[in-house]
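Q: Sequence plus the predicted model coming up.
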Amino acid sequence: MNIIIWMLIGTAFVWYWADTTRAREIAIMHGRRACKEMNLQFLDGTVVRYSTRFKRGPDGQMHLARDFSFEFTTNGNQRYPGHIGLIGKYLQIMDLQYTGSEEQQTSNLILSAEYSEDTQPKSSTPPKVVDLQSYRDRRH
């Protein structure tokens, strides 16, 4: 009986590790693609997972939601933070924060995407990019 419990724990651990590795690869793909489309440089070629929790997905089922951070640059001189949120293997939100050269205040750009079965970007529909400050002004 003890061996069955240890085998279940080991199997759960291996599944979690493999699933988290796949989610990290998907987050890197989305980060690289967004930086390329916005003419930014995705730094270090990687993301860092800083949060994992259970959350309901668009289908109403519980999924692992993971948050990743990464860094990018506009000109190679300064690093700016970025955030990617995944529910399961699907992009929920992307947030890029940087100060533009023509403005001196921090600007937040949020990239949101529809949930889809396909993890590859769709070329026919461009991502929706929203300036967070104007979004907040419209809400209040």
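A: Yes, it's here. Residues are numbered from 1 along each chain as shown.
Q: Just after the longest helix along the chain, pick out the following helix or strand.
A: In the chain, assigned by DSSP state H, the helix with the most residues is helix 2-37. Per DSSP states H and E, helix 2-37 leads on to strand 41-42 as the next helix or strand towards the C-terminus.
Q: For that following strand, name the packing helices and strands.
A: On a contact count with 3 or more Cβ pairs under 8 Å, 6 or more residues apart in numbering; DSSP states H and E, strand 41-42 meets helix 2-37, strand 62-73. From N, CA and C alone the C-beta is placed, and that goes for glycine too.
Q: so which of those comes closest to residue 81?
A: strand 62-73 (6.2 Å; Cβ to Cβ).
Q: Following the chain past the closest one, name the next helix or strand.
A: strand 80-87.
Q: how close does residue 15 sit to residue 48?
A: Applying Cβ to Cβ, to the nearest Å, the value for residue 15 to residue 48 is 22 Å.
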